[in-house]
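**Student:** Below is the sequence, then the predicted model.
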Amino acid sequence: MSYGRLRPGEAIRAALQVSRAVADVGTILLAFVLSYDVYVWTIRSGFLQRAVQDPVPYAGGGVLFAALALLCFWGLGLYRDRASVLNLWEYGTVVKGLVLAAACFFAVLFFLRLTSYSRLVVVGAIGLATVLVLLERRVLSAAIGKLQLTGRLGRRAIIYGCGTTGRLVMKKIVQAPHLGCSVVGFLDESATEGALVECRVAQGGPLLRVPVLGRLEELRDLVARQKVDELFVTVGTGSPERMREIFELAESCQVAVAVVPRLGSHRADQVRVEDLGAVPLLRMQQVPAARAKHVLKRGFDLVGAIALGIATAPLWIAAWLLLRLEGGGPILFAQERVGLAGRRFRLFKFRTMRTDVNPYAPSPESDWDPRVTRCGRLLRVTGLDELPQLINVLRGEMSLVGPRPEMPFIVDGYGPLERERLQVKPGITGPWQVSADRQAEIHENLEYDLYYVSHQSLVLDALILLETAFFTAGLVFRALWPRSKTRGRLARLEPDAALRIPRTAATAPGADPGAYVLVALDQRRSNGDVSLTWMHGIHVAAAAGRRWAVKVLAAAQNRATFDRLFAEVDRGLESEDRHTAYVAYRSRAELRELAVGAQLVLTDLSHVAAWVKDAGRDLIWASPAGLQWFWSNGHRDELEAELAGWVSAGEVPEAAVS
């Protein structure tokens, strides 16, 4: 079939498959060239006492091995459309295919009695090809992912249902660009048309926001306008008749349909499909029984921990010196965590925060959290703060690879699904650690840990460790060569400087009626205590509320305190002249929606600050020492006048901005 007879999406998908095959062959040939060049260099440098061999046989051997690898990849299904968690199935299949190709290659050499090849060159080329092909596929996926964000990559898909399962399907499509599919929107019977569903594309990368386009009945019109190729159904339809109607509607629109299986309250990623004589069966994933492989895994952990400890010894010494020079205090930080079968243990890290910080306070979600020390910031950015957990591995409390251990109070709230994480030892690294969802809560992204629990093997561990090495190298590169000198900086406001809330708030003349300022301060207070952070935040909220719409996050038990504080700073101001309103905390997702929808956010919560930063909104970080302002939209020059006026008028204390 020629490309001219294919739909555009199918043609692009076929082209992607061909490009992946060509890239694989080219990478394998490059590995043979590099291995031969290194071999020649070692001879000419005097490290090997041998004669330089003719390169022609090695060129032929490279072509033969590349052909065998291509056949093995094809037979193992590597060029079919398939996505897995972090593409780990793809990487594992690459390793299996190259091992099988190597076995076939050596068999050919043996039976044809080809003895002109140096084993050093051949073995080196195969080992190098394994690393280079894995790296090539990462780079190719990243390049294809950039095309995917434009919405012009291959098949264009609509997802029916923007609930948990629909968002999961979107995430899997976005994080597997080699499938040649782009999500253009959602259909939902209850969501507001135009509402945005977001998904993080890569670790530290941008958020992709896709709109709700309407209801299912509007599919025909949307197919024509959006050029849709595929419909994913992720919601229960209630009856077989309704499902038949959906299929008939999609068929009349010439749109392919894919249905996500549902088994009651179980997650979609817990279900696997089996083939019983052309009859598909849905079966729940089973955790593999404990066998001798656990003994092998323990040996793998011990050898790996000792090797990594020796290799990173200079980093341990450097961290010790830096932490000592920064002001003393303990080098290691210990915290109680929950491991295999619910057993508790003390987890070790290099200390990255001040010594007066509560060890069980919420973890910083950005490297500019004021609790983090300068040395700690470097350790956190590079991931080196996790190195002392090698001690936990040697003690048998942790593994090199596995689900991250949680704190006891979080595990106490686990349900049956979350408790499946406790069936294996926790790890220093794991699928979630190197995923695009690392900034979210672990329990909100269980598919990574559930995948590992169901598919654990030494090959999978090795792949995750290699992925961690690639990921850490990327972190170090971004830390040393940031894309922008001003990106992510915090500017401390001087006493005579200030900020003015942009006049896009609801009370400004001619402004967007939906615009607002959000004040989200930590609500965990008791006995009516008021911190300096609250006082600074209330003063700014009160001053802003005189002119613009302000939403103040307030728990029910704290509203009386907020009322008293507002009354103290707004003496003589009638309540109807204050444009402030309380909002309650109902869920993390709802708070995030409030934060990313605001024009300006004042907060002392690190996770809220991270959301605001990602959304490109203006941010004021509140701390007992004062206020810091992170600018995202280039408004600094415009925003430095209003609060200065408030300070001079006595409406805001100078300490709040000094």
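**Tutor:** Yes, it's here.

**Student:** Next secondary structure element downstream of the longest helix along the chain?
**Tutor:** Counting residues, the longest helix found in the chain (DSSP state H) is helix 8-44. Downstream of helix 8-44, the first helix or strand assigned by DSSP states H and E is helix 56-75.

**Student:** what's that next one packed up against?
**Tutor:** Here helix 56-75 touches helix 8-44, helix 88-111, helix 119-148, going by 3 or more C-beta pairs under 8 Å, 6 or more residues apart in numbering; DSSP states H and E. (Glycine included, C-beta is placed from N, CA and C.)

**Student:** low-confidence ranges in the stretch 101-250 of the chain?
**Tutor:** 151-153, 200-207, 237-238 (pLDDT under 70).

**Student:** Would you map the strands across it?
**Tutor:** With strands called from DSSP state E, counting those that start in this stretch, the stretch 101-250 of the chain shows them at 155-160, 181-187, 196-200, 207-214, 230-233.

**Student:** Run me through the strand neighbours of the first one, direction for each.
**Tutor:** Taking DSSP bridges as the criterion, strand 155-160 sits next to strand 181-187 (parallel), strand 230-233 (parallel) in its sheet.

**Student:** how about CSV for the ones you listed, with distance to residue 131 and mean neighbour count added?
**Tutor:** Output for the strands paired with strand 155-160, formatted as CSV (distance: least, C-beta to C-beta, whole Å; neighbours: other C-beta atoms under 10 Å):
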stretch, distance to residue 131, mean neighbour count
strand 181-187, 29, 23
strand 230-233, 35, 22
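
**Student:** quick one: which of these is nearest residue 569?
**Tutor:** Among the strands paired with strand 155-160, the nearest to residue 569 by C-beta to C-beta is strand 181-187 (43.5 Å).

**Student:** Quick one: distance of the closest one to the chain centre.
**Tutor:** 20 Å (C-alpha atoms, centre = their mean, to the nearest Å).

**Student:** still on that earlier bit, for residue 117, find the nearest of the strands of the stretch 101-250 of the chain.
**Tutor:** Nearest of the strands of the stretch 101-250 of the chain (C-beta to C-beta): strand 181-187, 42.7 Å.

**Student:** can you list contacts of that closest one?
**Tutor:** 9, 13, 148, 150-162, 166, 170, 173-174, 197, 210-216, 218-219, 222, 226, 228, 230 (C-beta atoms under 8 Å, 6 or more residues apart in numbering).

**Student:** sec struct for residue 347, please.
**Tutor:** Following DSSP: H, G, I helix; E, B strand; the rest coil, residue 347 is assigned to strand.

**Student:** I'd like to know how far it sits from residue 390.
**Tutor:** 12 Å (C-beta to C-beta, to the nearest Å).

**Student:** Tell me which residues touch the residue nearest to residue 33 when sequence neighbours are not counted, please.
**Tutor:** Counting by C-beta to C-beta, 6 or more residues apart in numbering, residue 62 is the residue found nearest to residue 33 once chain neighbours are left out, at 7.4 Å. Applying C-beta under 8 Å, 6+ apart to residue 62 gives the contacts 28-29, 31-33, 125.

**Student:** now, among those, which is nearest to residue 247?
**Tutor:** residue 28 (43.3 Å).
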